[in-house]
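> got a predicted structure plus its sequence, pasted below:
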Amino acid sequence: MRESSGQLKQSRELRSGAAQRSPAALFLRQFLSAPGQIGAIAPSSIHLARRMMENFDFESVRAVAEFGPGAGVFTQELLSRVQPGTKVIIIEKNPVMAAEVRRRFPQLQIHETSAEDIADVCVKEGLPAQGGLDAIISGLPFAAFPDSLQDAILGAAVSALRPGGWFVTFAYYQGLALPAGRRFAAKLPRYFRTVERSRGVLRNLPPAFVYRCST
Ligand SMILES: C[S@@+](CC[C@H](N)C(=O)[O-])C[C@H]1O[C@@H](n2cnc3c(N)ncnc32)[C@H](O)[C@@H]1O
């Protein structure tokens, strides 16, 4: 099968050892080759990563998944907070980003697939297909996704979480001007029992805020 130009660039990136270069440059190149999948020109800031993890009771988190780690900003923050023995499941669809996360965190198993497949990934990790996760941290660019993909991922996330589990994701203020960003905001209360919006994180490019939802 012929590779698309985006896939060709990804193969070249993997062969040339992209991991040796700066995560910001890597991120930008991946954005240019697959803008709808990466959804941002730069990795999130440490300030956004901290806001994502705020108010979590990490002592009670036994199993957590991260969707779309990109270059691993949230992964690093997550690993610095989880208890020893907590299961950390990482799903990253882009092979170049997945290679970068593997390089940075060799102790983690990275599942190179789409977040919609979380049930299968949980089973591979020895968890039940449904209700086995305490929390999901999402770095996915939902405002760049079509409606059907937003629904597929949110539905799969809700099934994978235990009752009372947490789904945390972020959005850019500019995304609220996009129809897909507004549709995403409007559909969260249909999937989750509670939905809260954090204060803004201005020290991020672009400025963002966090949705913190519970099942
Ligand atoms: C906006 S970037 C965020 C990266 C990182 N979390 C951060 O905040 O810097 C989105 C990431 O989600 C990944 N991604 C996009 N669609 C995905 C999907 N359906 N399943 C898993 N990962 C996906 C992209 O490859 C990219 O690494």
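Perfect, thanks for sending it.
> would you tell me which residues of this protein are close to the ligand?
37-40, 43-44, 67-71, 73-74, 91-94, 97, 114-115, 139-141 (C-beta under 6 Å from any ligand atom). The C-beta positions use only the backbone N, C-alpha and C, and glycine is treated the same way.
> now, these that are in strands?
Judged by DSSP state E, strands contain the following of the residues of the chain next to the ligand: 67, 91.
> what is the helix or strand in which Glu100 is found packed up against?
Using DSSP states H and E, Glu100 falls within helix 95-104. Judged by 3 or more C-beta pairs under 8 Å, 6 or more residues apart in numbering; DSSP states H and E, the packing partners of helix 95-104 are helix 5-15, helix 23-33, helix 73-81, strand 110-111.
> what sits up against stretch 135-142?
Residues outside stretch 135-142 that contact it (C-beta atoms under 8 Å, 6 or more residues apart in numbering): 36-40, 44, 52-53, 56, 61, 64-70, 74, 78, 115, 118, 150, 153, 157, 160-161, 165-171, 175, 180-181, 184.
> filter those residues to the buried ones?
With burial judged by 16 or more other C-beta atoms under 10 Å, the buried subset of those is 37-40, 44, 52-53, 56, 61, 64-70, 74, 78, 115, 118, 150, 153, 157, 160-161, 165-171, 175, 180-181, 184.
> of those, which belong to helices?
37-38, 52-53, 74, 78, 118, 150, 153, 157, 160, 180-181, 184 (DSSP state H).
> can you tell me which of those is nearest Leu205?
Distances from Leu205 to those, taken as C-beta to C-beta, are shortest for Ile38 (13.7 Å).
> how close does that closest one sit to Phe145?
12 Å (C-beta to C-beta, to the nearest Å).
> cool, and Val210?
18 Å.
> for Ser114, same thing?
Per C-beta to C-beta, Ser114 is found 11 Å from Phe145.
> need the overlap of contacts for these two.
Ile153.
> assumed Pro128 was part of a helix.
No. Counting by DSSP: H, G, I helix; E, B strand; the rest coil, Pro128 falls outside a helix, being coil.
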